[in-house]
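Student: Following is a predicted model, sequence given first.
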Amino acid sequence: MPEGHVLHREARLQSTKLVDHPLRAESPQGRFTTGAEAVDRQRLITIEARGKHLFYRFENDLTIHVHLGLFGKFRHQQLPFPEPSANARLLLSSDTDRVHLAGPTTCRLLEPDDVDNVLRRLGPDPLCRPVDGASQMASALGRRTVPVGRALLDQRAIAGLGNIYRSELLFLAGLDPFVPANVVSSDDIAKLWDLSVSQLRSDERSGRIVTVDPAVVGKTSRSRLVRDERLYAYKRHGEPCRVCSDTIRTAKIDDRNIWWCPSCQAKN
DNA sequence: GTGTCATGCGTAT
DNA sequence: TACGCCTGACACG
């Protein structure tokens, strides 16, 4: 489930196990052998997340850059380590813990300048709490005439949102996904930013995306929500809106599905 | 068992 | 706009 909250959670959890240790780095699959050898037995200095990107910086100044894409997955393993799967792109192991990476879109070695180049292409990340995040986002969206539902996936406008968050955040903000981004009011963009900050922080802690207010479905806490009760719009095509009972609709924007409630999201 | 789809994104056309 | 890449879950027969 690789939207931004997942990468920050991975950075946090992996850091407690791997940072400050000299690590064994291997690529059983063989597609990252040279990169793994370049950091093998080096001490890991930091693991940092920005948007959907992860950066492992080693003491020799080399950085492993990971982007999970649609399919990438991390597994956390402890001694005795199980046999790695045949498609394990990267294994990072301390004496006691191992992180197993399979299926990433990106897993490559970067020099410090290359890291800066990747970061320059990313907008503000709600989980990094930049003080001017809302205004950076407003300035990026203000230049776009595409639907706001499309602009939210542009990682230069705001880094870390994926297809689930774009449907859910637009629902929470009450915004019509098809309104041009440059027509959305600055108040509504500020609202989208604030919702992104609170939503991703909460989901980073729990490890899952839950946007529904538990009271709306008659529950007393987030943790009591079952799988089908966690979201307002995403993949709920044809079902009644949890707030107003109108029918949730779906359409494609740039060949990716978006879901919305035509009544709750009439604002533009 | 096979086919389809998916929480992503870069490149080519 | 279309395709390629990478993997796993699920529907269907």
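Tutor: Great, that's in hand.
Student: Now stretch A:42-61: buried residues?
Tutor: Buried positions in stretch A:42-61, judged by neighbour count with 16 or more other CB atoms under 10 Å: A:42, A:44, A:47-58. (C-beta placed from N, C-alpha, C; glycine too.)
Student: Does it reach DNA strand C?
Tutor: No. Using CB under 7 Å from any atom of the strand, stretch A:42-61 stays clear of DNA strand C, with a minimum separation of 13.0 Å.
Student: Where does the prediction get shaky in chain A?
Tutor: A:1, A:267-268 (pLDDT under 70).
Student: let's go with 90 and repeat that
Tutor: Low-confidence segments of chain A (pLDDT under 90): A:1-2, A:83-87, A:217-228, A:254-255, A:266-268.
Student: got the residues of chain A near DNA strand B?
Tutor: Contacts of chain A with DNA strand B, taken as CB under 7 Å from any atom of the strand, map to A:1-3, A:6, A:51-52, A:67, A:69-71, A:105, A:121, A:153, A:155, A:162-164, A:209, A:256-257.
Student: Among these, which are located in strands?
Tutor: The strands, defined by DSSP state E, take in A:67, A:256-257 from the residues of chain A next to DNA strand B.
Student: Return the closest of those with respect to A:L172.
Tutor: A:L172 lies nearest to A:N257 out of these, by CB to CB, at 18.3 Å.
Student: Report the beta-bridge partner residues of that closest one.
Tutor: A:K252 (DSSP bridges).
Student: top of the ones in strands among the residues of chain A next to DNA strand B by neighbour count?
Tutor: A:H67 (17 neighbours; other CB atoms under 10 Å).
Student: Surely it touches A:G103?
Tutor: No. A:H67 is not in contact with A:G103 according to CB atoms under 8 Å; the separation is 11.1 Å.
Student: returning to what we had before: show the buried residues in the residues of chain A next to DNA strand B.
Tutor: The neighbour-count criterion (16+ other CB under 10 Å) marks A:2-3, A:6, A:51-52, A:67, A:153, A:155, A:162-164, A:209 among the residues of chain A next to DNA strand B as buried.
Student: which of the residues you listed sit farthest apart?
Tutor: Greatest spatial distance among these (CB to CB): A:H67 and A:I209, at 19.0 Å.
Student: Surely A:R242 is in contact with A:V217?
Tutor: Yes. The pair A:R242 and A:V217 qualifies as a contact (CB under 8 Å) at a distance of 6.4 Å.
Student: which of these two has more neighbours?
Tutor: With neighbours defined as other CB under 10 Å, A:R242 and A:V217 compare such that A:R242 has more, 19 against 14.
Student: quick one: the more buried one and DNA strand C, what's the gap?
Tutor: A:R242 is 21 Å from DNA strand C, where distance means CB to the nearest atom of the strand, to the nearest Å.
Student: That residue - nearest residue in space that isn't next to it in sequence?
Tutor: For A:R242, ignoring the flanking residues on the chain, the nearest one in space by CB to CB, 6 or more residues apart in numbering is A:V216 at 5.2 Å.
Student: and that neighbour, how many residues sit next to it?
Tutor: Residues near A:V216, counting by other CB under 10 Å: 12.
Student: Which of the three states applies to it?
Tutor: Of the three states, A:V216 takes helix according to DSSP: H, G, I helix; E, B strand; the rest coil.
Student: likewise A:I45?
Tutor: strand.
Student: pretty sure it is touching A:L62, no?
Tutor: No. At 10.4 Å, A:I45 does not count as touching A:L62 under the criterion of CB under 8 Å.
Student: With adjacent residues omitted, what lies nearest to the closest residue to DNA strand B within the stretch 151-268 of chain A?
Tutor: Proximity of the stretch 151-268 of chain A to DNA strand B (CB to the nearest atom of the strand) peaks at A:G162, 2.3 Å away. Beyond its immediate neighbours in the sequence, the residue positioned closest to A:G162 (CB to CB, 6+ apart) is A:E3, lying 3.8 Å away.
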